[in-house]
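Undergrad: attaching a predicted model along with its sequence, questions to come.
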Amino acid sequence: MAIIGESPIDAGEPDNVLQSFSDATAGRSLQLYHCVGTIDSVGTDYVLVRDSGTSSPTQTAGNFDIDFDITINKPTIVAGIATIDVNFKHMDTSGGDNALIVFTLRKFDGATETDIGTVTTQAVLESASTTSDKLQFVVTRTKLNIGDTLRLTADAGGSDNRVRLFHDPGTAGNELKLWVPLVVS
């Protein structure tokens, strides 16, 4: 893998757009984002960042529907196969129920959310152990304009949606990562 030039998304941070030779010749690359929560005086904001050193609450628990966002600062096109690395566990130990997480990648233009890809984790039964999944899904070719938001929504589901979702970029095994496929010209 080689590092290529300036990313069309969030160019203020260090660039880590990775690209293989075959992807480069096909005009594709992958942008790695870490899903984190940032805490301020009014609560927690969930964001996509490229810097894995960003501090974060280590987990979101319960029945959740959270959005990890990044604002686009250069026009770009997303299309291809996205990948999510997720670590989670079912919190209920009473028996018989299952839990899962549905991830949806969206474009938000300030007025309308457009789904551009979705994937669901495996359903897990109650357990004290953490489940790790590497999920891949197709992202519909979509143009992102300056000011649009690229959003990854994580939604707890299953017959018992008490789930613990880990998203601490500083701790191996507790990370939530998203690789976004970009079309480069």
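TA: Ah, there it is. Numbers count the residues shown, from 1 in each chain.

Undergrad: what number of residues lie near the residue nearest to Met91 when sequence neighbours are not counted?
TA: Excluding the flanking residues, the one nearest Met91 by CB to CB, 6 or more residues apart in numbering is Arg162, at 4.3 Å. (C-beta placed from N, C-alpha, C; glycine too.) Look at Arg162: counted by other CB atoms under 10 Å, it has 19 neighbours.

Undergrad: verify the stated contact: Arg162 with Asn63.
TA: Yes - applying CB atoms under 8 Å as the test, Arg162 and Asn63 come out as touching, 6.7 Å apart.

Undergrad: which residues do the two both contact?
TA: Residues touching both Arg162 and Asn63 by CB atoms under 8 Å, 6 or more residues apart in numbering: Ala156.

Undergrad: low-confidence regions, the protein specifically.
TA: 1-27, 52-59, 61, 92-96, 127-128, 158-161, 185 (pLDDT under 70).

Undergrad: would you map the strands across it?
TA: Along the chain, counting by DSSP state E, strands occupy 2-3, 17-19, 28-40, 43-49, 59-62, 65-71, 76-90, 98-108, 113-120, 124-125, 131-144, 149-157, 163-166, 177-183.

Undergrad: could I get those strands as JSON lines with mean neighbour count?
TA: Formatted as JSON lines, the entries for the strands of the chain read as follows, by neighbours: other CB atoms under 10 Å:
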{"stretch": "strand 2-3", "mean neighbour count": "11"}
{"stretch": "strand 17-19", "mean neighbour count": "19"}
{"stretch": "strand 28-40", "mean neighbour count": "20"}
{"stretch": "strand 43-49", "mean neighbour count": "17"}
{"stretch": "strand 59-62", "mean neighbour count": "16"}
{"stretch": "strand 65-71", "mean neighbour count": "18"}
{"stretch": "strand 76-90", "mean neighbour count": "20"}
{"stretch": "strand 98-108", "mean neighbour count": "20"}
{"stretch": "strand 113-120", "mean neighbour count": "17"}
{"stretch": "strand 124-125", "mean neighbour count": "18"}
{"stretch": "strand 131-144", "mean neighbour count": "15"}
{"stretch": "strand 149-157", "mean neighbour count": "21"}
{"stretch": "strand 163-166", "mean neighbour count": "22"}
{"stretch": "strand 177-183", "mean neighbour count": "21"}
